[in-house]
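> Fold the following and give me the result.
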Amino acid sequence: MLEGNAVIITVALNGGAQMSRDGAIVPTQPAELGEAAARCYEAGAALVHVHARDREGRNSGDPTIYSEIIREIRARCPILIQTTNGIGMRRDPVTGNLQWPNDSERLGLLNIEPAQDLFGIAGGSADFYNPEGGYPAEIPFVNSPELLKATIKAVYERGSAVEFEVVEASSLHRLLRYANDGLFDRERDNVWLLHGGGFGATPAVARNVIFNIDEGQRLFPNAIWGITATGREMFRFVTLGMAMGCDVVRVGFEDGVHLPDGTVAAHNHEMVAAAARIAELYGARPATVEQARARFRLQG
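Numbers count the residues shown, from 1 in each chain. Okay, here's the model as predicted:
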């Protein structure tokens, strides 16, 4: 954990496909995301992860919507803002099939104004399947080498950090290869690894994610590392991460709507409060925005 036994609580407010259900109220519009972010900040979150939706609540890659979201959040609180790079799947208006956005659209989100604080990208391609997050059909999620390399280069050049979502160890070895090729220094202390379970073919099994955590620390010894999971496994993995001394935990409606006791949260900040209570069991506390900014080595 960070200095002072603090842990960064990240909250993924909405995702690309999650909709209000079972009593959970998922924010989709910029003002709603601003209000949700402020409540999460008050509950102990230092970072929000956001996806844009159009007026009908459908997944969107429109940079102007992201700009509006960032303004709405910053008007209410100082929480750090991370935008997705995955954007998420959308339905083809003709065929009705689910499709991923192309690389050009995804790279366009690196240049939003006002700029987000932090970035994220999956560390490798995967068969994506997350019914708890609104993705009931398994579909290939491609992260091309060109996309990943361009993202790493752009983010590090601007003095920020990119979260590499890791669902299997092959992603770590892919990143190591890029580091060995000179794209970035594997010893840098803001390499950021988010280990997850329950995404696609990767089960929410502790021994699987523990192997990935250990492998990540072996290959990137100074890395920031975090943990998350989908659905009802989310808080079991949050607890696992806290017990192992993680730097970051991620909760929020993007990946599920259930609290540790199995009840449905009405709002994201209830999940943040639950994560803070788990941290307290381990003598830890939520990191401040200032602590998170320093750990991610953000400039400006």
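
> Settle this for me: G61 is touching R106, isn't it.
Yes: in this structure, G61 is within contact of R106 by Cβ atoms under 8 Å, at 7.4 Å. (Each C-beta comes from the backbone N, C-alpha and C, glycine too.)

> Show me the common contact partners of those two, please.
Counting by Cβ atoms under 8 Å, 6 or more residues apart in numbering, the shared contacts of G61 and R106 are I87.

> where along the stretch 51-200 of the chain do the strands fall?
Assigned by DSSP state E, counting those that start in this stretch, the strands in the stretch 51-200 of the chain fall at 52-53, 59-60, 80-83, 90-91, 98-99, 119-122, 126-130, 135-141, 162-166, 192-197.

> what does the stretch 201-300 of the chain give?
When assigned using DSSP E, counting those that start in this stretch, the strands of the stretch 201-300 of the chain occupy the ranges 224-229, 248-251, 285-286.

> what about dumping the CA coordinates of the longest one to PDB?
Included here for strand 224-229 are C-alpha records, laid out as PDB according to Å, rounded to 0.1, in the frame of the first residue of the first chain:
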ATOM      1  CA  ILE A 224       1.500   0.400  -9.000                       C
ATOM      2  CA  TRP A 225      -0.900  -2.600  -8.700                       C
ATOM      3  CA  GLY A 226      -4.600  -2.900  -8.200                       C
ATOM      4  CA  ILE A 227      -7.300  -5.400  -8.300                       C
ATOM      5  CA  THR A 228     -11.000  -5.800  -9.300                       C
ATOM      6  CA  ALA A 229     -13.500  -8.400 -10.300                       C
END
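
> quick revisit: P260: which of the strands of the stretch 51-200 of the chain is closest?
Among these, strand 192-197 comes nearest to P260, with 15.9 Å by Cβ to Cβ.

> tell me which strands and helices that closest one is in contact with?
On a contact count with 3 or more Cβ pairs under 8 Å, 6 or more residues apart in numbering; DSSP states H and E, strand 192-197 meets strand 162-166, helix 206-219, strand 224-229, strand 248-251.

> quick one, which of the strands of the stretch 51-200 of the chain is packed in tightest?
strand 52-53 (a mean of 28; mean count of other Cβ atoms under 10 Å).

> before we move on, the earlier item: please produce JSON lines containing the strands of the stretch 201-300 of the chain, extended by distance to E3.
Shown next, in JSON lines, are those (distance: least, Cβ to Cβ, whole Å):
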{"stretch": "strand 224-229", "distance to E3": "13"}
{"stretch": "strand 248-251", "distance to E3": "14"}
{"stretch": "strand 285-286", "distance to E3": "12"}
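
> To I112, which of the ones you listed lies closest?
Smallest distance to I112 across the strands of the stretch 201-300 of the chain (Cβ to Cβ): 21.2 Å, for strand 248-251.

> so how far is the closest one off the chain centroid?
Relative to the chain's own centre, strand 248-251 is displaced by 8 Å; criterion: Cα atoms, centre = their mean, to the nearest Å.

> again with stretch 43-54
Its chain's C-alpha centre lies 9 Å from the corresponding centre of stretch 43-54 when counted by Cα atoms, centre = their mean.

> Rounded mean pLDDT for that stretch, please.
Stretch 43-54 comes out with an average pLDDT of 97.

> For this protein, which segments count as helices?
Taking DSSP state H, the helices of the chain run over residues 30-43, 63-74, 103-108, 145-157, 169-180, 206-219, 234-243, 268-281, 289-295.

> Enumerate the beta-bridge partners assigned to L80.
Counting by DSSP bridges, L80 forms beta bridges with L47.

> That one and R293 touch, don't they?
Yes: the criterion here is Cβ under 8 Å, and L80 meets it with R293 at 6.6 Å.

> tell me, what's touching the two both at once?
Jointly contacting L80 and R293 under the rule Cβ under 8 Å, 6+ apart are D117.

> State the distance from the residue located most distally from the centre of the chain to N59.
Farthest-out residue of the chain from its mean C-alpha position, per Cα atoms, centre = their mean: V94, at 30.9 Å. Counting by Cβ to Cβ, to the nearest Å, the gap between V94 and N59 amounts to 17 Å.

> likewise G245?
Separation of G245 from N59 (Cβ to Cβ): 35 Å.
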